[in-house]
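J.: Build me a structure from this.
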Amino acid sequence: MIGFVLWLVVGGIAGYIAERLMKEDHPLHINIVLGVAGSVLGNSVLLFVLGLSGGNYIAQLLTGVVGACALIWGWREIEKRRA
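T.: Below you'll find the model as predicted:
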């Protein structure tokens, strides 16, 4: 149970940092989703492309931030093409 709560907290922090870096304004639940999804994306890239895995909470936070920024960027690109 504690692992799940820490997963959400780290995801929320990662989403918030990515939101600020990308100059967006999202509610808390979107930040959590972006951070968690960004962590999954970032860890998948690290594992399958670079062959790296694991890390402490700081490494997971940085991976989540980078992944969430990639998701925000991708969403912006999709929105540009729709317009």
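J.: List the contacts of Trp73.
T.: Met22 (Cβ atoms under 8 Å, 6 or more residues apart in numbering). In this view, the C-beta of every residue, glycine as well, is placed from N, C-alpha and C.
J.: Spell out which helix or strand contains it, please.
T.: helix 57-82 (DSSP states H and E).
J.: now do Gly55
T.: Taking DSSP H and E as the definition, one finds Gly55 inside no helix or strand.
J.: Tell me how many other residues crowd the nearest residue to it once chain neighbours are set aside.
T.: Excluding its sequence neighbours, the residue lying closest to Gly55 (Cβ to Cβ, 6 or more residues apart in numbering) is Thr63, at 7.2 Å. Residues lying near Thr63 (other Cβ atoms under 10 Å) number 23.
J.: So Thr63 sits against Val40, correct?
T.: No - Thr63 is not in contact with Val40 according to Cβ atoms under 8 Å; the separation is 9.5 Å.
J.: related to what we said a few turns ago, how far does the helix holding Trp73 sit from the chain's center?
T.: Centroid displacement of helix 57-82 relative to its chain, using Cα atoms, centre = their mean, to the nearest Å, is 6 Å.
J.: Any buried residues in it, and which?
T.: By 16 or more other Cβ atoms under 10 Å, the buried positions in helix 57-82 come out as 60-61, 63-72.
J.: for stretch 40-49, same thing?
T.: 41-43, 46.
J.: next one: stretch 22-40
T.: Quick answer for stretch 22-40 (16+ other Cβ under 10 Å): 22, 24, 26, 31-39.
J.: Select, from those residues, the two members most distant in space.
T.: Using Cβ to Cβ, the pair of those lying farthest apart is Glu24 and Ser39, separated by 17.7 Å.
J.: In helices, which of the buried residues of stretch 40-49 fall?
T.: Counted as lying in helices by DSSP state H, out of these, are 41-43.
J.: Can you tell me how far Asn56 is from Pro27?
T.: As defined by Cβ to Cβ, to the nearest Å, Asn56 lies at a distance of 28 Å from Pro27.
J.: now do Leu8
T.: Leu8 is 15 Å from Pro27, where distance means Cβ to Cβ.
J.: again with Gly15
T.: Separation of Gly15 from Pro27 (Cβ to Cβ): 10 Å.
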